[in-house]
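**Student:** from the sequence below, what's the structure:
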Amino acid sequence: MLHGNEGGLSGAADGELAVPMAWLYAEYIADELLRTGDLMPPTSFEFRAGRDALALTIFLSDSGDELSGIRVVSQLETWSSLTAYDQPWQSWVRARLAEREARARGAGRRSPDLELATAAWRWLEETELLAPDLDAVPVPDEEDGPQVWTPAWQLGLPLGHLAIHLF
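**Tutor:** Prediction:
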């Protein structure tokens, strides 16, 4: 079984199983950060959105193509700045995924890490979650206040950012 991470490309040769260690480790770190913050129940869609947004940030911020989560404490500031409110996170993710895809094609290898990251990104973009409408005028009779359908990444990103600060 291959578990190496050559350029983020854990491709199998000669029929061996390729294990997406870089993605799985990024997802584990994201999960632990969110659980430590205790912001949402781990079974909620909001938790999944936060975990996927953080895992993408962790996985794609690794420019050295290593398991960046190994240096969690030294990377927290980087991850925090990438997930900050005023940052173009969505376009950054698209650009980094495109770079990784080009690198995989250039190397002629399949990347299970990249496949899982792309699936997470697709879910974050295509899934909408019902969230409080922060721009609406509150109605006194409504218990939870006005809500709006929001792309999962727009809800998950601030949750991930807050989880980093609570760690």
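**Student:** in this structure, which spans are strands?
**Tutor:** 128-132, 147-151 (DSSP state E).
**Student:** quick one: which of these is nearest residue 105?
**Tutor:** When the strands of the chain are compared by C-beta to C-beta, strand 147-151 sits nearest residue 105, at 27.6 Å. For glycine as for every other residue, the C-beta is placed from the backbone atoms N, C-alpha and C.
**Student:** what comes up buried for the closest one?
**Tutor:** For strand 147-151, burial by neighbour count (16 or more other C-beta atoms under 10 Å) applies to 150, 151.
**Student:** number of residues surrounding the nearest residue to residue 161 once chain neighbours are set aside?
**Tutor:** Leaving aside its sequence neighbours, residue 161 sits nearest to residue 83 (C-beta to C-beta, 6 or more residues apart in numbering; 4.0 Å). When counting by other C-beta atoms under 10 Å, one arrives at 26 neighbours for residue 83.
**Student:** what of residue 136?
**Tutor:** By other C-beta under 10 Å, 12 other residues sit near residue 136.
**Student:** pLDDT weak spots in the protein?
**Tutor:** 1-17, 63-71, 134, 138-142 (pLDDT under 70).
**Student:** ok, which of the strands of the chain comes nearest residue 49?
**Tutor:** Closest to residue 49 of those is strand 128-132 (C-beta to C-beta; 6.5 Å).
**Student:** for that closest one, which positions count as buried?
**Tutor:** 129, 131.
**Student:** just the angle between it and strand 147-151, please?
**Tutor:** Taking axes from the mean of the first three to the mean of the last three C-alpha atoms, to 10 degrees, one finds strand 128-132 and strand 147-151 inclined to each other by 140 degrees.
**Student:** which strands and helices lie in contact with strand 128-132?
**Tutor:** With contacts defined as 3 or more C-beta pairs under 8 Å, 6 or more residues apart in numbering; DSSP states H and E, strand 128-132 has these neighbours: helix 45-60, strand 147-151, helix 152-166.
**Student:** repeat that with 6 Å
**Tutor:** For strand 128-132, the packing partners by 3 or more C-beta pairs under 6 Å, 6 or more residues apart in numbering; DSSP states H and E come out as strand 147-151, helix 152-166.
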